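Asks: Model the following, please.
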Amino acid sequence: MKQNLKRFSLLVLAASLIFVLSGCQLFDLWGKNIEKALKGLDVTLQTYDADGQPIDTIKGVSGNISRDTKFDITNEKGDTTKQSSVLNITIGGKQITHVGSTLVMYEKGLKDVMNEIPQNVSVDNTDRSMPFLNKIVNNYHNLFAGKSKIILIRSQQGKPVATFTGNKVSYWQTDVPNSTGIIIDGKYLFIYRCDFTMYETKLLE
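Replies: Residues are numbered from 1 along each chain as shown. Next up, the predicted model:
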């Protein structure tokens, strides 16, 4: 009887955690990582030259992107001393190797709105706040709730290449140097060797 009660309590706890995390950005990221590993994502991949001009555009299912570890530099003990910046990409089971130029990969359901939003920002904000508390609140939102944001993405020479917006936006470190993973309303965006700025939407209103 006690064992059954204990099992029931654990099930309730697990269900409660799933319910709480179901709207959590951290949970979304975990889910995306599992999905990428098991079956990949339905994605659009684009690379750009230094002037922000597209080099190629590839669309496909079962898309996945990771660091090509065979290019890692190791010491005599076998420990990694410098991580590779070479990307190992698969689209529909076919391999792409990429390094160097700006790359953006985004999941189906996200839309590049660069041509719909001004690329130059001028803000004059006089609201007072407490920086220490702001940092805590912003970290909380990034982990659990996300915030409405506009993401302006540029080439390494500062030329606009893409813009994304979302109501629940969070960003994360990836295992690829010079890259950032972003969750936008439950969809995944990966940017590599990009300059980018994320503005809280309310700041620009």
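
Asks: Look at the nearest residue to D112 once chain neighbours are set aside and say how many residues are nearby.
Replies: Among residues not flanking D112 along the chain, A162 sits closest, at 4.8 Å (C-beta to C-beta, 6 or more residues apart in numbering). C-beta coordinates here come from the backbone N, C-alpha and C atoms, glycine included. When counting by other C-beta atoms under 10 Å, one arrives at 24 neighbours for A162.

Asks: what bridges to A162?
Replies: I153 (DSSP bridges).

Asks: ok, now which ones touch it?
Replies: Contacts for A162 (C-beta atoms under 8 Å, 6 or more residues apart in numbering) come out as Q46, V104, D112, M114, I153.

Asks: Please apply the same query to V169.
Replies: The contact partners of V169, by C-beta under 8 Å, 6+ apart, come to G146, K147, S148, K149, I151, I182, I183, I184, D185, M198.

Asks: Find the helix or strand that it is a member of.
Replies: Taking DSSP states H and E as the definition, V169 sits inside strand 160-173.

Asks: next SSE after that strand?
Replies: Moving toward the C-terminus from strand 160-173, the next element (DSSP H and E) is strand 179-184.

Asks: Export that following strand to CSV, keeping only CA atoms.
Replies: Extracted in CSV, the C-alpha atoms of strand 179-184 (Å, rounded to 0.1, in the frame of the first residue of the first chain):
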residue,chain,number,x,y,z
SER,A,179,27.3,30.4,-32.7
THR,A,180,24.1,31.0,-30.8
GLY,A,181,20.9,29.0,-30.5
ILE,A,182,17.7,30.9,-30.2
ILE,A,183,14.2,29.6,-29.3
ILE,A,184,11.4,31.8,-30.9
